[in-house]
Each structure stands twice: as structure tokens, then as C-alpha cells.
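Q: give me a model of this one.
(one chain, ligands or ions: 2)
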Amino acid sequence: MTQKNAFQTQYLADYRPYPFRLNETRLRFRLSDHATEVESELDLTREGDGPLVLDGGAGLKLLRLAIDGRELEPGDFTREGEVLTIAETALPGTSFTFEAHVRIDPGANTTFEGLYLSGGMFCTQCEAEGFRHITFYPDRPDVMGPFRVSIESTKSILLSNGNPVSTAPGRAEWHDPWPKPAYLFALVAGDLVAISDSFTTMSGREVALNVWVRPGDQDRAGFAMESLIKSMKWDEEVYGREYDLDVFNIVAVDDFNMGAMENKGLNIFNSKLVLASPETATDDDYNRIEGVIAHEYFHNWTGNRITCRDWFQLCLKEGLTVFRDQQFTSDMRSAPVKRIEDVQTLRARQFREDQGPLAHPVRPDHYQEINNFYTATVYEKGAEVIGMLKRLVGDDGYKAALDLYFDRHDGDAATIEDWLSVFEDATGRDLAQFKRWYTDAGTPRLRMDEAWDDGKLTLSFTQVTPPTPGQDDKPPRVIPIAVGLIGPNGDEVRPTEVLEMTEATQSFAFEGLGARPTVSVLRGFSAPVVLDRDLDDAGRAFLLAHDTDPFVRWESGRGLALTALQAMAQGAEPDPAYIAAIGELAGDDAVDPAFRALCLQLPPEDEVAARLSDAGIVPDPDAIHAAHLRLARAVAETHEGLLDRLYRQMTVPGAYIPDAEGAARRALRNVALARLSLLDGGARAAAQFADAGNMTERFAALAALIRAGKAEGALVEFHEEFASNRLVMDKWYMVQPAAADPSQAAAITRKLSERDDFDWKNPNRFRALLGGLSANHAGFHAADGAGYDVTADWLIRMDGANPQIAARMSSAFETWWRYDAGRREKSLAALQRIADTPRLSRNTSEMVSRMMA
Ligand code: ARG
Ligand code: ZN
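A: Numbers count the residues shown, from 1 in each chain. Ligands and ions are numbered 1, 2, ... in the order given. So this is what the prediction gives:
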């Protein structure tokens, strides 16, 4: 069943430069809820041939167009679809000023792109193509210019990009001297309050810092400010990057499609990535706030000063900025823990994407709707590719290349070719083959075989990348394989060495070894591949106990668990080797509690399904769920005493501080709680829920109570206590479907979706509930199709209001092809129902047709 749609496809190969240079943009906003007027003046200089083509959405009410002050007449221009064309005959000479006057209705804008209202506050989201819903403009990242913005409004705080020029009651003017594309434009007008601080840059300039929130939220904005200051300092110290304006503003908004946005000098954030207090935010929330504040700040250089030529190059800024925020978090917290968490995310989201119908290259070469390509592949795999580059050229080579990048491309709208060229020029390396990581989709399968012969160990590798949509043939890639050798007594006999694989099959020999060592391979997860090797339980347990590389250590425990779960899903008993090895590690007080917590977690059920499917076995979600539960229970039964000791030992004295050390102890304690709750009927969880002094403990206890079937009272209590806090209520909506017994998950989702406080147009609330359901693997894939149905119903409804969110959430269906005929039929029927929806958006239409192709 192939689903086609009627929307146009854009191709990388069709790129043409814009035929005009933009010298300056002047904007004047007269804000009002339903009739905002926008007057724009663009100073343009002709550089190529043709008419003046501008983007402009259907929602723009055109009031006036003029060139050099002369009002255009109907014959001077045409408006078709989202394109306004000014005839060449209406354009005088080489330089001229284009003027447009439009009216828009932000109060009716439920898409949350362009200019919209959130809780009475005007705000904007322009990436990727939102500016065309504000006025007519060359809305493409390679058209850049300085901006002057004036805002008239009754709101007290009026913000835009750059530096303030003047403020008077009801009016403000801003000037951004740094040329930027329209996607980095931002405007905020609201009755806001700030917490303020300042930062002195490396060259001694003073920058005023503000985090703007709604009145009453100030006491939850401090951590965001601290994170900003740390980020500014880190980027100076590690990348030599200094901030370049007099002010840096962050605004928190409740209705936001994504996490946050790096608009020049005016970052706009989803409030869940700004607001935190010990009572309302978990350790994970704090962690994410710190990381995303850093991410958006780092974009000032990697994204804003150097932007993208076109949207196909999105990974140029996103892959690099994710890589930078990962480095930042490693420096601020525990580097091994951060690496393992990043690999977990990569596997859960990106490997899953690469394995199915939505697979695409890190740099895609075609799309219908660019907002559908803000994906794990572009972001997370984009960051992995940079990590590989760094490993291949070394730390000094990386630094030289980055210095050259900033030097050579400051002010440019650049490409992946430009990016690779700076590495080639700075290090003398040929990256032609490496480039396949950007152009070819799919996760390589890397097989390792070992041969031992009298002191010589030969490792033979074979790489194969399965076909992905539109790409059948996958030539071999450069794969950096970090390897170390561990001797029989547990000592490392060869430190980490990076083998560079470039062929489909390749061998590497280690000579002069006394006894046969155990190979520690893909250290630090040196390449985003699926590794396949013959290592038995004893070998895995040995590496879990002795490897010096924390990633391989963790990976060995995960390998034991995956093998056990895979066998159990097909009827086997829990694996005593896994249970013994994990107990050994958990009880070792010399090991970082955060690392122990990570090792005690079981691989997600979705990953077990992926692995079975990879092995040619049709996964049964119910059997996987039962195996998961059974293995967790077996661990709990065998190690009850140890878990109880950890539970009592890992308390954190004193007031809650969101630091890595405290978070580590709470994480280990909460895993212990989850396991013990399988035995004690939720007794400890109930006590913890009642006594918890912070949300990290509170929320873990709530989840454990739900799993124990004892949460009725706690859910009511939690709701009463936090009914007025939207972010905490999102947690309440999320955890119920996510932790529910799979047989109940769809019904619980539907019931919750009928509540009055299910404010479904709020993206966080919608994502919490529907995302909670899709995080429940066996619940979403319930055999009767109820999970598919409730999801499809809501996606159809959401598509009419907010296509970006509907399209994004539709990827819950991307693995439909893995399952049995009954489930396949039901999920395809749900997808078909979405596809058949009248006036389905381009966003969702593209997603559904790709998934059904
Ligand atoms: N550039 C933002 C980031 O830092 C993401 C914004 C994407 N927005 C969108 N509607 N696609 O990652
Ligand atoms: Zn980003």
C-alpha cells in the first residue's frame, strides 16, 4: 500500500543563489491580538537576473506594496500560493527599497510558528520558515542583513534581536548589527519580569543578561541564569568564542513547538527548559535545562555568526551545536555518564529512525516539509559524525579546523562541503570517503571476528549498511574503531588505539601478547554502528567487571541484559550470569553511583523489539514486556538485601542541590526503589511519596506506585497539590500512560484526554499524554489496536491546529513494519485514516506517506 501526496518536493541539487543582496531590513510592528500591522522596508541590491520573488503565507492580509516609495499596482506583481513575485519591469536600477504593509492575526495562530500569542504574550518562532507568516520576505537562510525593529504595544516589555536603541512606554526600538537570516528574527511583547545578571567577556565587555518570565515564576529562573553564565564562560575557554552584543535575553513561553530557539540575542525557550525548583523539577529536568541553555547559547557562533546556506545543511549548525553542548555537559558533570546517556538516546531515537521508513541522511537531499527534518538523525547522528571526525584528526587537528572554520566562514551561510574543507585544509586529510557519513543514511552493521595464534591477535572486521529508502547501495565508510586489550587477570595490556577501517572487510593484528586478551572494542562508542561479535556471557561479565573504558563496561552489562531478554521473550528463563554480574557491580561502592544506576537499568522494550526484528524474528510486545518485568523481578529477588542497603544508603543529606553528585545518588536510590517495589507491593514507594523533599524523589515514587497498581490516592494528591503548575501537570499526564499496565494504557490515555484540564493545543500537554503512551511499548502496540486508534484520533485533531506537532508525533508509528500481521494491519489502517483526512497538512502528509511507502 503506497501512499502518495500532492505536495512539492525540494531538492538540494536545485539550489540557486538569491539574485539580490539585502543591505538592511527595517520592521515596524503595531501589535494587537487580532490585527497586528507589520510594515517592512528592505534595502536590496541586484546581483543576478530575474524578478523579485518573496515568500508570504496565506495569512498575510496585503495592504500595500511599494518600491522606492512608489505604490505598486496590480500589474506589477502576482501572488500565487505562498509566493509573491514583483515583475522586473517594476524594479528600478540596481539598488532600491522594497516596502510591504500587511496585517496578521496572531490571536488566531494555533500553529505556534510566525507571530502568535501564548498566555497573553506575543512571541515568535521563525525557524525554519515562520517569518513568511509575518511579512513578505526572502525567507531563506542565505539572505542575511542587519535589522532595525520598532514595536508598538500596550505590553510592558518589548523585545527584539540585537541591542536596544530606545524604549519609551508603549514603544521600543532594537538594532541588530549582525547580518542574519529571517529565521533568527524574534519579537516578544508581554507583561514580563526578569531575573538579571551580567557577564564580562574575555575582552572586558559587559553584557546585561536577563531571563524573562511571567510574574510569579522568577524564583524558578535562577538555575537557567546560572547555566547561561557557565555556558558563556565555557565557550570562551574551550572554543575562544566571545559574545557579541550588549544584551542577552532569554524568554520562557508556555506554548512552544520545540525545546528552544537561538534567535540572535533573544533566545526563546519552552518554559519547561527554563523554570525549575526542587519541588517542581527533577534532576533530569535540571540536567536538560543546563544542556539546552548551553545549546542555544552556543548557536550564537555555530548557527548565527556562521549559518546554513540552505535547510539541507541543517546538520551544519545542529550537529555541531549538539556536539558542543555534549562536550559542555561532560565538562560540567560526569563525562562517562554523559556519553552513556547520549548513546542511549541515539539508539532509542536515531537507530530506530535509521532502521525504518523514515531513515534519511544526516544531510538529506530532498524534503517536502523541512520541519520534518529536525530529527535525531540530523541532530544526534550529526553530533556523532563530528565526534568521529575529532577522533580521526585528534584534539589538535580538531582545534585547528574549528579555528579555521570560525576564521574563514564568520558571516557566511555555509555548507557541509565548507565544513569538511576546513578539516581537510587544517589537517591535510582527504575526507572524500568520510563524507558518506553525511550523504548516506542507515546504521552500519559491524562484525568483528578474532583469531589467536601464539601471541598474535588478529581482529577482522566486516561492515554492511542495510538499504534505506532511495539508497540501495551503500559503499563502505570510514569507521574509527577504538580498541583496547584486557589481559586474563583484568589488567589492561594495550591502551586505547583507534583502528581506521575504510574497506568492506579489513583486519588488524596485535603482536607480542603473552596470553590471549579480551578485546574491548568500540570504546567510548567511537562510531554509531551496531557491533556484532561472538562474546559469551563470561566474556561480557569479565568486561563489565574489569574494562577501563566506562562505555564498554556499561555496554557489556547491556549486552548481557539484551541477550537475556531476547531469549526470555522466546521462552527462556532469566540468565543467572547477568543477575550475578549486575549484583557484583551494583554492590561495588568504589563505582560512581550514577554509573551503577545506568548499569541497573534494563534496555528499553523497544530496543529489544528492534534487536529481535534485526535477527529476523517478529517481536511480540507482550512477551517482551513480560520478559522485562520478569528479569527486573529476578534481579530484585536475588539482590533484595543489596538493593535495600543501597536504598537506605543513597539518601542525600541536607537541602536539595541539583548537582551531579546528588543526582547520582538519587538515581541509584530510585532504581533500587523501582526494583524493590516489585517485591514490597509499593510500600517503600508510598513512604517515599509521602516524605519526599523534592520532585526527583516524588516523581520516582509516583511511577513506582503506578507500576505496583497502588497509585490511586497518590495521583489524586499529586493533582491537587500541583493543579496550578502546568509543567508539573504535564508530568502527571505523561507518567500515567507511560507506566500503565500495557493492557490499560490506551484506555487510560483516552480517559485522560477527555479531562477538562487536558489543554490539548498546548504542545507540552499533548506531547506528555500521547508521548507517554508511545513510550509504553506494549501499550502503544496493544494487539487490539487501541493504542494506534487513540493516537490516530488525536493526531488528526492536532493536525488541524498545529501541523508541526502532529507530524512530529506521528513517528510513533515508524516501527509498524516490525510486528505481526494483525498489528501491521491495524497500524496501517490508523495511518490510512490519517492520510485520508481532508486538508491534511503538508507536514503530516509527508510523514504518513513516507511511513506507508
Ligand atoms: N534551532 C532550534 C534548536 O536549537 C530548533 C528550532 C526548530 N524549530 C522548528 N520549528 N523546526 O535546536
Ligand atoms: Zn539547535
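Q: find the closest residue to ligand 2 in the stretch 651-800 of the chain.
A: Using Cβ to the ion, Pro763 is the residue of the stretch 651-800 of the chain that sits closest to ligand 2, at 17.1 Å. Where C-beta positions appear, they are placed from N, C-alpha and C, glycine not excepted.
Q: separation between that residue and Pro466?
A: For Pro763, the distance to Pro466 equals 34 Å [Cβ to Cβ, to the nearest Å].
Q: who has more neighbours, those two?
A: Pro763 (21 against 17; other Cβ atoms under 10 Å).
Q: close to ligand 2: what parts of this structure are there?
A: 318, 321 (Cβ under 5 Å from the ion).
Q: show me which residues of the chain sit near ligand 1.
A: 127-128, 257-258, 260-262, 295-296, 299, 318, 371, 374, 804 (Cβ under 6 Å from any ligand atom).
Q: now do 5 Å
A: Taking Cβ under 5 Å from any ligand atom as the contact definition, the chain meets ligand 1 at 127, 258, 371, 374.
Q: who wins for most neighbours among the residues you listed?
A: Counting neighbours by other Cβ under 10 Å, the top entry in the residues of the chain next to ligand 1 is Glu127, with 26 neighbours.
Q: could you pull up phi and psi at the residue in the stretch 51-200 of the chain that ligand 1 sits nearest to?
A: Ligand 1 sits closest to Glu127 of the stretch 51-200 of the chain, with a gap of 4.5 Å, by Cβ to the nearest ligand atom. Torsion angles at Glu127 (phi, psi; degrees, to the nearest 10) stand at phi -80, psi 130.
Q: just Gln471 next, same as before
A: phi -130, psi 90.
Q: contacts only, for it.
A: 361, 440-442 (Cβ atoms under 8 Å, 6 or more residues apart in numbering).
Q: beta partners for it?
A: Beta bridges link Gln471 to Thr468, judged by DSSP bridges.
Q: ok, it to Thr465 distance?
A: From Gln471 over to Thr465 (counting by Cβ to Cβ), the distance is 9 Å.
Q: between those two, what contacts are shared?
A: Joint contacts of Gln471 and Thr465 (Cβ under 8 Å, 6+ apart) are 440, 442.
Q: just the buried residues of stretch 695-714, please?
A: 695-708, 710-711, 714 (16 or more other Cβ atoms under 10 Å).
Q: same deal with stretch 816-833?
A: Neighbour count says stretch 816-833 has 816-819, 823, 826-828, 830-831, 833 buried, by 16+ other Cβ under 10 Å.
Q: what's the mean pLDDT across that stretch?
A: The average of the pLDDT scores along stretch 816-833 is 98.
Q: how about that stretch as PDB, C-alpha atoms only?
A: Extracted in PDB, the C-alpha atoms of stretch 816-833 (Å, rounded to 0.1, in the frame of the first residue of the first chain):
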ATOM      1  CA  TRP A 816       4.800  -0.500  12.400                       C
ATOM      2  CA  TRP A 817       6.600  -2.800   9.800                       C
ATOM      3  CA  ARG A 818       8.300  -4.800  12.600                       C
ATOM      4  CA  TYR A 819       5.300  -6.500  14.100                       C
ATOM      5  CA  ASP A 820       2.900  -9.400  13.300                       C
ATOM      6  CA  ALA A 821       0.300  -9.300  10.600                       C
ATOM      7  CA  GLY A 822      -2.500  -8.300  13.000                       C
ATOM      8  CA  ARG A 823      -0.600  -5.300  14.400                       C
ATOM      9  CA  ARG A 824       0.600  -4.300  10.900                       C
ATOM     10  CA  GLU A 825      -2.900  -4.300   9.600                       C
ATOM     11  CA  LYS A 826      -4.200  -2.200  12.500                       C
ATOM     12  CA  SER A 827      -1.400   0.300  12.500                       C
ATOM     13  CA  LEU A 828      -1.600   0.700   8.700                       C
ATOM     14  CA  ALA A 829      -5.300   1.300   9.000                       C
ATOM     15  CA  ALA A 830      -4.700   4.000  11.500                       C
ATOM     16  CA  LEU A 831      -2.100   5.600   9.200                       C
ATOM     17  CA  GLN A 832      -4.500   5.300   6.300                       C
ATOM     18  CA  ARG A 833      -7.200   7.100   8.300                       C
END
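Q: what about the helices in the stretch 451-600 of the chain?
A: In the stretch 451-600 of the chain, the helices defined using DSSP state H, counting those that start in this stretch lie at 537-546, 550-568, 576-586, 593-600.
Q: packing partners of the third one?
A: Using 3 or more Cβ pairs under 8 Å, 6 or more residues apart in numbering; DSSP states H and E as the contact criterion, the secondary-structure elements in contact with helix 576-586 are helix 537-546, helix 550-568, helix 593-600, helix 621-638, helix 640-649.
Q: contact partners for the closest residue to ligand 2 within the stretch 501-650 of the chain?
A: Here the stretch 501-650 of the chain gets closest to ligand 2 at one residue, Pro528, 18.9 Å apart by Cβ to the ion. By Cβ under 8 Å, 6+ apart, the contact set of Pro528 is 346, 350-351, 381, 384-385, 388, 443.
Q: quick one: contacts for Val337?
A: Residues near Val337 by Cβ under 8 Å, 6+ apart: 592, 594-595, 598, 660, 664.
Q: strands along the stretch 101-250 of the chain, start to end?
A: Along the stretch 101-250 of the chain, the stretches classed as strands by DSSP state E, counting those that start in this stretch are 114-118, 121-125, 145-152, 157-160, 163-168, 171-180, 187-190, 193-200, 206-213, 247-253.
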